[in-house]
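K.L.:
sequence unknown, structure follows:
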């Protein structure tokens, strides 16, 4: 049977003209909207923005300079619903929320699922939070307050309370009638949770099973009893790992007594995986959130802290060089070559560090395979060190024609690479054992180790060999 080609709507065509091949807003479209706002033609701006998806409207605000966002918000105020705010960057959303009255924020939060509403309210000041919660309906307020009582970045903050749960003794027909007869039920779900009289989850039924099963069959006969339950206090990164490991679409969240209190869906997990991956990369460099919308003052403060720490570690490495002033004075060529040893060690340490931190984050590295991981990285470091040592040794001999200098720099290269490999494994593992995020602090320690060992091994060997000009 041939496919029927539906005519493209005007709205679809407009959106295609506003987005490039990577589904990003075209610069000329952004300029057209902002020019309309600047000219006071709010109707034209609204006409341009109206066909956009909520996520694209959020992108439009993120692409707008901070000082121009208030005018844009005024022009398209009726398009700024809860879905747009839920998609918005945290810093941009905070700017706009600050300009709204508490009852307006309450209205926005009431339109959203619990998890999205919490994302809007949780970063507000305590006084503003109380005002917003006071303006909400009692049921919505109770749900938000309960979610806010859970630790940040936990399943309790991430979950939504809107779900479908039915008793095990119901038939498929009972479940269908229930879903059709209650308009207030959530419409976004993939499975129905089955609970016992104590409201503890005992299984799940996929919507496809309900639709394909005769009405008279008991839910208990078609439900899947095995399911992945998420404790309400579980860290969101661990939640994401469970979704990834077991290929989940949604999962039940339970409290300390085992009762069903919410569910987490895969669309939330996609955001978490992206956030956690980017967060670890930025922490390795000490760049803070790395968000281009972060206030400049906060960015400077965050980066300066780690730059000062790095300054301290650089002074440690410099003091090692100071111990060998006499050797360097006797053979000034050492000062030219020693940055090569420390620099290559730093690169090797960073490679190992990145692999180990990723392995820790994804639960690939546990106490059962730590020893194997250490030995593996040591073998890799030794092999790379030997090859790099041979290359730098040969190169040094060809350039300077000195066998003794070539041997010293080759051996120093091997020693520093092995040290880098060992540090790249042991530092993050040790920090993780003490419940310190290895992505935050590891780079500083490993860099210090490779610099000091690079200088110490090269200059120390040169001193022992008695190199001189």
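P.N.:
Yes, it's here. Please read all numbers here as calculations on a predicted model, not as lab measurements.
K.L.:
please make it C-alpha for all contacts and neighbour counts, starting now.
P.N.:
Fine.
K.L.:
mind listing what's buried in the helix or strand hosting residue 414?
P.N.:
Using DSSP states H and E, the element containing residue 414 is helix 403-433. Applying a neighbour-count criterion of 16 or more other CA atoms under 10 Å, one finds 404-429, 431-432 buried in helix 403-433.
K.L.:
and residue 231, what are its phi and psi?
P.N.:
phi -60, psi 140 (degrees, to the nearest 10).
K.L.:
if we can go back for a sec, packing partners for the helix holding residue 414?
P.N.:
Secondary-structure packing of helix 403-433 (3 or more CA pairs under 8 Å, 6 or more residues apart in numbering; DSSP states H and E): helix 333-361, helix 370-400, helix 438-465.
K.L.:
redo those helices as JSON lines? Include distance to residue 49, mean neighbour count and mean pLDDT.
P.N.:
Shown next, in JSON lines, are the helices and strands packed on helix 403-433 (distance: least, CA to CA, whole Å; neighbours: other CA atoms under 10 Å; pLDDT from 0 to 100):
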{"stretch": "helix 333-361", "distance to residue 49": "40", "mean neighbour count": "20", "mean pLDDT": "89"}
{"stretch": "helix 370-400", "distance to residue 49": "53", "mean neighbour count": "17", "mean pLDDT": "95"}
{"stretch": "helix 438-465", "distance to residue 49": "40", "mean neighbour count": "22", "mean pLDDT": "89"}
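K.L.:
below-threshold pLDDT in this protein: ranges please.
P.N.:
1-16, 276-293, 469 (pLDDT under 70).
K.L.:
repeat the analysis, applying 50 as the threshold.
P.N.:
Applying pLDDT under 50 to the chain flags residues 1-13.
K.L.:
ranges for the strands of it?
P.N.:
Under the criterion DSSP state E, the chain contains strands at 165-167, 191-195, 201-206, 229-231, 250-254, 260-265.
K.L.:
what's the closest of those to residue 44?
P.N.:
strand 260-265 (37.4 Å; CA to CA).
K.L.:
so the closest one versus strand 191-195, what angle?
P.N.:
160 degrees (axes from the mean of the first three to the mean of the last three CA atoms, to 10 degrees).
K.L.:
what helices or strands is strand 260-265 leaning on?
P.N.:
Packed next to strand 260-265, using 3+ CA pairs under 8 Å, 6+ apart, are strand 250-254.
K.L.:
any idea how far the strand it packs on is from the chain center?
P.N.:
21 Å (CA atoms, centre = their mean, to the nearest Å).
K.L.:
stretch 172-187 too?
P.N.:
So, by CA atoms, centre = their mean, the centroid of stretch 172-187 is 36 Å from its chain's centroid.
K.L.:
and for stretch 420-430?
P.N.:
The answer for stretch 420-430 is 23 Å, by CA atoms, centre = their mean.
K.L.:
possible to save the helices and strands packed on helix 403-433 as JSON lines with distance to residue 154?
P.N.:
Putting these into JSON lines (distance: least, CA to CA, whole Å) gives the following:
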{"stretch": "helix 333-361", "distance to residue 154": "16"}
{"stretch": "helix 370-400", "distance to residue 154": "27"}
{"stretch": "helix 438-465", "distance to residue 154": "19"}
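K.L.:
ok, which of those comes nearest residue 302?
P.N.:
Across the helices and strands packed on helix 403-433, closest to residue 302 is helix 438-465 (CA to CA), at 12.0 Å.
K.L.:
the inter-axis angle of the closest one versus helix 403-433?
P.N.:
Between helix 438-465 and helix 403-433, the angle comes out at 150 degrees (the same axes, to 10 degrees).
K.L.:
which helices and strands does helix 438-465 pack with?
P.N.:
Judged by 3+ CA pairs under 8 Å, 6+ apart, the packing partners of helix 438-465 are helix 266-285, helix 296-322, helix 325-330, helix 333-361, helix 403-433.
K.L.:
let me see the contact set for residue 97.
P.N.:
Residues counted as contacts of residue 97 (CA atoms under 8 Å, 6 or more residues apart in numbering) are residue 105.
K.L.:
also residue 110?
P.N.:
Contacts of residue 110 (CA under 8 Å, 6+ apart): 117, 136, 140.
K.L.:
surely the second one is in contact with residue 105?
P.N.:
The reference is to residue 136. No - here residue 136 lies out of contact with residue 105, judged by CA atoms under 8 Å, at a distance of 9.1 Å.
K.L.:
which of those two has more residues huddled nearby?
P.N.:
The residue with more neighbours, out of residue 136 and residue 105, is residue 105; 24 against 21, by other CA atoms under 10 Å.
K.L.:
just checking, the more buried one touches residue 133?
P.N.:
No - with contact defined as CA under 8 Å, residue 105 does not count as touching residue 133 (9.2 Å).
K.L.:
what's the domain layout of this protein?
P.N.:
Taking automatic domain parsing as the reference, the chain has its domains at 10-158, 165-285, 296-465.
K.L.:
coming back round to it: and the angle for the helix holding residue 414 with helix 370-400?
P.N.:
For helix 403-433 against helix 370-400, the angle by the same axes, to 10 degrees is 150 degrees.
K.L.:
what's the most buried one of the domains of the chain?
P.N.:
Mean neighbour count, computed with mean count of other CA atoms under 10 Å, is highest for domain 296-465 among these, reaching a mean of 19.
K.L.:
what's the span of that one from first residue to last?
P.N.:
52 Å (CA to CA, to the nearest Å).
K.L.:
any idea how far that domain is from the middle of the chain?
P.N.:
For domain 296-465, the distance to the chain centre is 28 Å (CA atoms, centre = their mean).
K.L.:
quick revisit: any chance of the strands of the chain in JSON lines, with distance to residue 449 too?
P.N.:
Output for those, formatted as JSON lines (distance: least, CA to CA, whole Å):
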{"stretch": "strand 165-167", "distance to residue 449": "55"}
{"stretch": "strand 191-195", "distance to residue 449": "52"}
{"stretch": "strand 201-206", "distance to residue 449": "51"}
{"stretch": "strand 229-231", "distance to residue 449": "40"}
{"stretch": "strand 250-254", "distance to residue 449": "43"}
{"stretch": "strand 260-265", "distance to residue 449": "42"}
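K.L.:
and residue 63, which of those strands is closest to it?
P.N.:
Closest to residue 63 of the strands of the chain, according to CA to CA: strand 260-265, at 28.5 Å.
K.L.:
identify all contacting residues around the closest one.
P.N.:
Contact with strand 260-265 is made by 155, 158-163, 195, 199-201, 249-255, as judged by CA under 8 Å, 6+ apart.
K.L.:
try stretch 240-249
P.N.:
With contacts defined as CA under 8 Å, 6+ apart, stretch 240-249 is touched by 190, 265-266, 269, 272-273, 362.
K.L.:
what's residue 435 sitting at in phi/psi?
P.N.:
Here is the backbone geometry of residue 435 (degrees, to the nearest 10): phi 60, psi 30.
K.L.:
for the residue nearest to residue 128 when sequence neighbours are not counted, give its distance to residue 71.
P.N.:
With sequence-adjacent residues excluded and distances taken as CA to CA, 6 or more residues apart in numbering, residue 128 is closest to residue 102, at 7.2 Å. Applying CA to CA, the value for residue 102 to residue 71 is 20 Å.
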